[in-house]
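Visitor: predicted structure and sequence below. I'll ask about it afterward.
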Amino acid sequence: MMREPIDMALPLSEPTLAEVFIANRPQLLRVARRIVRTAELADDVLQDAYLKITDGPCVRKADRPIGYCCQVVRNVALDCCRRHTVEANYRTFDVDVEALDVAGPPSPDRLMRERQAIHAIDKVLAALPARTRLVFELYRLEGLTQREIALRLGCALGLVNGLIAEAAQAIKECGRLLDDD
Amino acid sequence: MPHIFTHMTQEQDDPIWNAAWQWVQREYDRESFDAAARSEMTAWLLADPLNRRAYDKAARLWLLAGLVPPESPPAFPPASSE
């Protein structure tokens, strides 16, 4: 559990992301708990987020380690909710959820593809104009709504919508890296 | 990395992938994704296993995009200084 995250060349004095994660576990658990329905799911989210941070597709050093840990927990929690909602909706259509193709534990190949994809995403984001990137970060990394971003930046909702679409279009091209073998 | 370039053109023209990506984007936009949109998406997912497969991939990609560390400074100037 205490393995060093990859691609992290930090001086000894600075805590690793994994250490920051563990030290702030109660706060991170609250972040998860605000999003998912049960304490059990929140535990699962934290476990998954921890693996993403230590084993996972970390690209480069985060400037604010605790902020980054919160970001990962929040987005893993949102993804967990999304999956549950999709499955709940299948049931309203009388579909047997058990019969669905559920993804198993990630294979080494899959982890490698995800690392390649996140590096590619980081690269396409770096190539975006600064304003586009900022709007994307507020939307995807900080979890603000489009309306909140428009208010915060004092610009039109249509502009925010267009900039997000631009960033999403760039990211979409990285999807080919996730193709199964 | 064998399939970085070979699939590029194919992907851009893949209507299922385009639709799946669009659905993941619409679903994430919580202000506008209502019950009608969700039930439309569920119907699309159920229409073809390939749709669901593409959707799962699009959702994974969108999750990965949420795991990139931010680059913009945390305290960006308020709107008034723009």
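Guide: The structure has been received and is ready for your questions.

Visitor: make it CA atoms for all contacts and neighbour counts henceforth
Guide: OK.

Visitor: and stretch B:50-70, what's buried?
Guide: Neighbour-count burial for stretch B:50-70, counted by 16 or more other CA atoms under 10 Å in any protein chain shown, picks out B:51-70.

Visitor: got it, and stretch A:159-166?
Guide: So for stretch A:159-166, counting by 16+ other CA under 10 Å, buried means A:160, A:161, A:163, A:164, A:165, A:166.

Visitor: and chain A, what are its domains?
Guide: Per the record, chain A has its domains at A:1-102, A:104-181, by automatic domain parsing.

Visitor: if we can go back for a sec, now, which of the buried residues of stretch A:159-166 lie within helices?
Guide: Among the buried residues of stretch A:159-166, the members found in helices (DSSP state H) are A:160, A:161, A:163, A:164, A:165, A:166.

Visitor: nearest to chain B among those residues?
Guide: For those, the closest approach to chain B (CA to the nearest CA) belongs to residue A:165, at 8.6 Å.

Visitor: tell me the confidence at that closest one?
Guide: With respect to pLDDT, residue A:165 scores 97.

Visitor: can whatever helix or strand residue A:73 lives in be said to contact chain B?
Guide: Residue A:73 belongs to helix A:65-92 when assigned by DSSP states H and E. Yes - judged by CA under 8 Å from any CA of the partner chain, helix A:65-92 comes into contact with chain B through A:68, A:71, A:72, A:75, A:76, A:79, A:86, A:89, A:90.

Visitor: returning to that earlier point: would you list the domains of chain A in JSON lines and tack on distance to residue B:15?
Guide: Listed next are the domains of chain A as JSON lines, based on distance: least, CA to CA, whole Å:
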{"stretch": "domain A:1-102", "distance to residue B:15": "21"}
{"stretch": "domain A:104-181", "distance to residue B:15": "13"}
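
Visitor: which residue is nearest the middle of chain A?
Guide: Taking CA atoms, centre = their mean as the criterion, residue A:75 is the residue nearest the geometric centre of chain A, at 4.2 Å.

Visitor: considering the residues of helix A:65-92 next to chain B, which possesses the most neighbours?
Guide: Counting by other CA atoms under 10 Å in any protein chain shown, residue A:72 has the largest number of neighbours within the residues of helix A:65-92 next to chain B, with 28 neighbours.

Visitor: right, I'll call it a day here.
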